[in-house]
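[1] 3D model of this:
(chains A and B)
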There are 2 protein chains.
Amino acid sequence: MNSMSTDAGLLDQQDSLSSLRSKFSLPEGMIYLDGNSLGPLPKAVKSRVDQVMTEQWGNSLITSWNKHQWINLPQRTGDRIGALIGAAPGQTLCCDSISINLFKVLAVALQLRPGTVVLSTEDNFPTDLYMVQGLRDLFSARSIELKLVAESELTASINNDVAAVLVTHVNFRTGALLDIEQLTAKAHACHAAMIVDLAHSAGALPVALDAWQVDFAVGCTYKYLNAGPGAPAFLYVAKRHLGKAAQPLYGWMGHADAFAFSPSYQPAQDISQYLTGTPSILAMSAVDAALDVFAQTNMQAIRDKSMQLGMVFQSEIARRGLDQYLTLMSPSAPQARGSQISYAHPHAYAICQALIADGVIGDFRAPDYLRLGFTPLYTSFADVFMAVDRLERIMQDEVYLEDKFQRRQKVT
Amino acid sequence: MNSMSTDAGLLDQQDSLSSLRSKFSLPEGMIYLDGNSLGPLPKAVKSRVDQVMTEQWGNSLITSWNKHQWINLPQRTGDRIGALIGAAPGQTLCCDSISINLFKVLAVALQLRPGTVVLSTEDNFPTDLYMVQGLRDLFSARSIELKLVAESELTASINNDVAAVLVTHVNFRTGALLDIEQLTAKAHACHAAMIVDLAHSAGALPVALDAWQVDFAVGCTYKYLNAGPGAPAFLYVAKRHLGKAAQPLYGWMGHADAFAFSPSYQPAQDISQYLTGTPSILAMSAVDAALDVFAQTNMQAIRDKSMQLGMVFQSEIARRGLDQYLTLMSPSAPQARGSQISYAHPHAYAICQALIADGVIGDFRAPDYLRLGFTPLYTSFADVFMAVDRLERIMQDEVYLEDKFQRRQKVT
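    Predicted coordinates for the structure are as follows:
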C-alpha cells in the first residue's frame, strides 16, 4: 500500500491535466470510471445553461435567435467539435441524435456510391446497424444489403459491391481501436464511402478525419465530451461531398432559404443541409459550454494520460494476481484500444454492482463484461489505485475467486 | 383612455387565470404577443433544469437513468402532453423534432394505407411539406405524390387515391382553424389516414384526438407549451395502429429489448417504437416542468380567455378606425381561428419592428403579415389595450396611413 500511494502521488504530481478536475462537479468520494457512458457535469455547463435560461430565453425571448446567435449555434458548436476530430470548419454540425445523423449520412453515401452492400461489424453498436436496416427498408433507388463481419475480417471484406463501410472507431464492448486511415484507403480503392461512428473516440483520443480522408462521421457528445445525458450529437461530411446529394430528412432549417417559407424544398449547398428541425438551444448550449475545457489542453495530452491511466490499472490487476480471474477482453497494448478497459467474468454484473456500492462507478455490458473508462480530464492516478484496491477486496469474496467457471476466449 | 382602462381593469379582475402570470419570468414592461412563436420562461422550468443538472446528472450521474427514471421520461412527458390533446395514455411520446416525428408517422401511414397521394394545403408550414418530399424521394413500396390544394378545397379533394391527409390544425400565417373531426371522417371514408400538426394548437385550445379518431399527430412544445427554444417535440399514434407497422428510423430506444443489444432490429409493439436515439434529458425535463402550469387550469378556460383577448384587440382596432389600414387576414370569428390574429399591411415588417422597439413583441411573416399571439397564461387585458395604444401611435406615422397601397384580399 505504501509504495502504491507513493506512485499515485508522484504520478498525480507530474500530471499536467490534474488542475482540470476542478472544472467538474464530481460527488465527494466517488471514483467515476463511467465517463465512456455519461461524462460528469462541467461547472461551465451549469452556469451557461442558467445564463441561457435567465438572460437569453427569459429576458430576450424570441429576439435571442438573432441577438444571441441561436440561429447558427449548430454550425458554431459543430466547428468547435470539428477542431477535436481533425475537421476543418464548415464540415461538422451539432444536431439531433447519433442515430438520426447516421440515417442522414448513410442516405447520402448510398446516393453517391454505386454499390449495394453496407459493410459493418457484427459487434458494432446496435443502433448503427438498426439505422441501416430502417433505411434499407425504405430505400427506392436499389436494393441494399447489410453485411456483418468480424472486425478481423473487415479489411478483406471490402470489395466493389460495397457502397459504404460503417464502423465504430472504438468498439463499445472491448475498446478495440480500428485503423480508420487504412480502412478508408481500402474503401476508396473499392469506390466505397467510409462512415465512422466516433461515439467512443471524440474527446478521448486524436482523430484526423480530414487527413484520413474519411467521408462521413457521426458521434455523440454525452460521453467524453461531457455535454449531459442525451445531449445533441454531431455529424461530419467531407467538404467534397457537400452540395452533391441531399440528406432526405428535409427540414426547414436545411433549406437554402429557410425564412422564405417556400412550399418546395431547395437543399442548402453547405453543411446546413444536414439540419432538419429546430434544435434545442438549452441542450446545445450545454454542448458548447462543455467544449470549453478542451481549450486548456490538447487531444494528444489527453490520449497520453488516458493510456497511462489504463496501463497503471492493468499492471496493478496483474501484480495482485487478479488477472487469473478477470479475463481481459480489450487489446492489451494501450495503443490498440480507446479509453476503456473491459474484463469478462461470469459474475461481472454482480461485481459491477458491488463496485458501485463501494463508490467506484463502472458499467456492465452484456453478456459478461465489466467495462471501466479512464477519462483524463477528471480522473487521478490515486483514483485508479483506489479502484483496484476496492476491486481486489470485492474479488476476495470466494464466489468470484473460484476457478471453476468457464474462462472466456480473449478477442483481439 | 379612461373607459378603456376601466374595461381592462374589470376584465383582469374577472380573469380566473390572472394568477398564473406569476408562474412565468417575463421582463418588466414587455408586452409579449409572440408566445405562438416562443413561449416565455416558466419559473418551474428554471428550477427543474437546475435540479436535473445539479442533483441528478451532477450527483447521481449514470445511475440517474434508473434512479431518476430518465429512461421513461419520453413516455411520461408524452402522456402529460396527451392529456392536453385528448389522447388516452400510451399513445403520445415526447421526442426529437416535429420534422423528424412527422417523417416517422408519415412512413407508417404509407405502409398502412394503399393510396399514392399525400394531400396537404398550399400554405401548410413548409417543413411539413418538405418532410413529405424527402420521404417520397426515398420510399420504395410505391411512387408517392404530394398534392397541395387551398384550405377551402381540402374536403372536396379527399378521394380514394389519397393515402394520408396532412394538415396543420391552425394555419401558421392566418390562424385559421380547420375542422379536424370532419376532415378525419372524410379521410376515413376514403381509406386515408389523418395526420395533424398541432404546432399552433397544443396548449392553445381544446384538442380531442381520440374522440375525433385522428390517426397520427405531431406538435411542438416551444410555443404554447412554453418549454424553451427548440424544445423536444411530440408525436401521437392512435392505439389501433400500434404494432401494425414500424416507423423506419430504427433506433436502439425503439427496440423491443433495447438493452439486449441484439444486432437485429425488433420493433417494440407499443409507442416506444417511435423513439430513435437517446433523448436530451435536460431539454425534456424542461418540457415536463413547463407542463405543470396546465394542472392549475383546463384547456377550455384557456380557450375562452384566448378568444376574449383576441376579440378585445379586434374591437379596439375597429373602434379606432385602424382596420381601414390593417387588413384582417385571420377569420373574424374567434371560434374560427386559433390563438393568434394576423393583419396584412405593405409595411408590416416596419410596423412590427416599431412595435418591438416600443416593447410590444409580435412577429412578421412573409409576405406582409403582422402576427400577434394572445396567450392566456400570462397575457392580461391591460396588455392588450396597451398594445393597441402603441400600435395606434405607430400607425399615426403618415407612411403607414396613406391609403394608396394595394389592399390585400381577405382570406377565410
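[2] need the helices for chain A, in chain order.
    Counting by DSSP state H, chain A has these helices, from start to end: A:2-14, A:43-51, A:64-67, A:73-84, A:98-112, A:126-138, A:154-157, A:180-189, A:209-212, A:281-290, A:299-319, A:348-357, A:381-395, A:398-401.
[3] and the ones you listed: which comes nearest B:Val237?
    Smallest distance to B:Val237 across these (Cβ to Cβ): 16.7 Å, for helix A:126-138. C-beta here means a position set from N, CA and C on the backbone, and glycine is covered the same way.
[4] so what's the closest residue to chain B within the stretch 201-350 of chain A up against?
    Here the residue of the stretch 201-350 of chain A nearest chain B is A:Gly277; by Cβ to the nearest Cβ that distance is 2.7 Å. Applying Cβ atoms under 8 Å, 6 or more residues apart in numbering or on different chains, we find A:Gly277 in contact with A:Gly251, A:Trp252, A:Met253, B:Asp96, B:Ser97, B:Ile98, B:Ser99, B:Ile100, B:Thr127, B:Gly230, B:Ala233.
[5] still on that earlier bit, mind putting the helices of chain A into CSV with mean pLDDT?
    As requested, the helices of chain A are arranged in CSV below (pLDDT from 0 to 100):
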stretch, mean pLDDT
helix A:2-14, 80
helix A:43-51, 98
helix A:64-67, 94
helix A:73-84, 98
helix A:98-112, 97
helix A:126-138, 94
helix A:154-157, 98
helix A:180-189, 98
helix A:209-212, 98
helix A:281-290, 98
helix A:299-319, 97
helix A:348-357, 95
helix A:381-395, 96
helix A:398-401, 73
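[6] just put the ones you listed in CSV and tack on distance to chain B.
    Formatted as CSV, those follow (distance: least, Cβ to the nearest Cβ, whole Å):
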stretch, distance to chain B
helix A:2-14, 22
helix A:43-51, 5
helix A:64-67, 7
helix A:73-84, 9
helix A:98-112, 4
helix A:126-138, 4
helix A:154-157, 15
helix A:180-189, 20
helix A:209-212, 21
helix A:281-290, 4
helix A:299-319, 18
helix A:348-357, 7
helix A:381-395, 14
helix A:398-401, 22
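[7] near the closest residue to the residue of the stretch 201-350 of chain A closest to chain B other than its chain neighbours, how many other residues are there?
    Counting by Cβ to Cβ, 6 or more residues apart in numbering or on different chains, A:Gly277 lies nearest to B:Ser97, which is 2.7 Å off, once chain neighbours are set aside. Residues within reach of B:Ser97, counting by other Cβ atoms under 10 Å in any protein chain shown, total 28.
[8] isn't A:Lys223 right up against A:Asp34?
    No: with contacts defined as Cβ atoms under 8 Å, A:Lys223 does not count as touching A:Asp34, sitting 9.4 Å away.
[9] the two: which has the busier surroundings?
    Applying other Cβ under 10 Å to A:Lys223 and A:Asp34 shows that A:Lys223 carries more neighbours, namely 27 against 23.
[10] quick one: contacts for the closest residue in space to that one that isn't next to it in sequence?
    With sequence-adjacent residues excluded and distances taken as Cβ to Cβ, 6+ apart, A:Lys223 is closest to A:Asn36, at 5.5 Å. Contacts were defined as Cβ under 8 Å, 6+ apart; by that measure A:Asn36 touches A:His200, A:Ala204, A:Lys223, A:Tyr224, A:Gly338, A:Ser339, A:Gln340, A:Arg371, A:Gly373, A:Thr375.
[11] same question for A:Leu73.
    When contacts are counted by Cβ under 8 Å, 6+ apart, A:Leu73 is found next to A:Cys94, A:Pro279, A:Ile281, A:Met284, A:Ser285, A:Asp288.
[12] related to what we said a few turns ago, mind putting the contacts of A:Gly277 into JSON lines with distance to A:Gly362?
    As requested, the contacts of A:Gly277 are arranged in JSON lines below (distance: Cβ to Cβ, whole Å):
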{"residue": "A:Gly251", "distance to A:Gly362": "39"}
{"residue": "A:Trp252", "distance to A:Gly362": "43"}
{"residue": "A:Met253", "distance to A:Gly362": "39"}
{"residue": "B:Asp96", "distance to A:Gly362": "31"}
{"residue": "B:Ser97", "distance to A:Gly362": "34"}
{"residue": "B:Ile98", "distance to A:Gly362": "38"}
{"residue": "B:Ser99", "distance to A:Gly362": "38"}
{"residue": "B:Ile100", "distance to A:Gly362": "33"}
{"residue": "B:Thr127", "distance to A:Gly362": "43"}
{"residue": "B:Gly230", "distance to A:Gly362": "34"}
{"residue": "B:Ala233", "distance to A:Gly362": "35"}
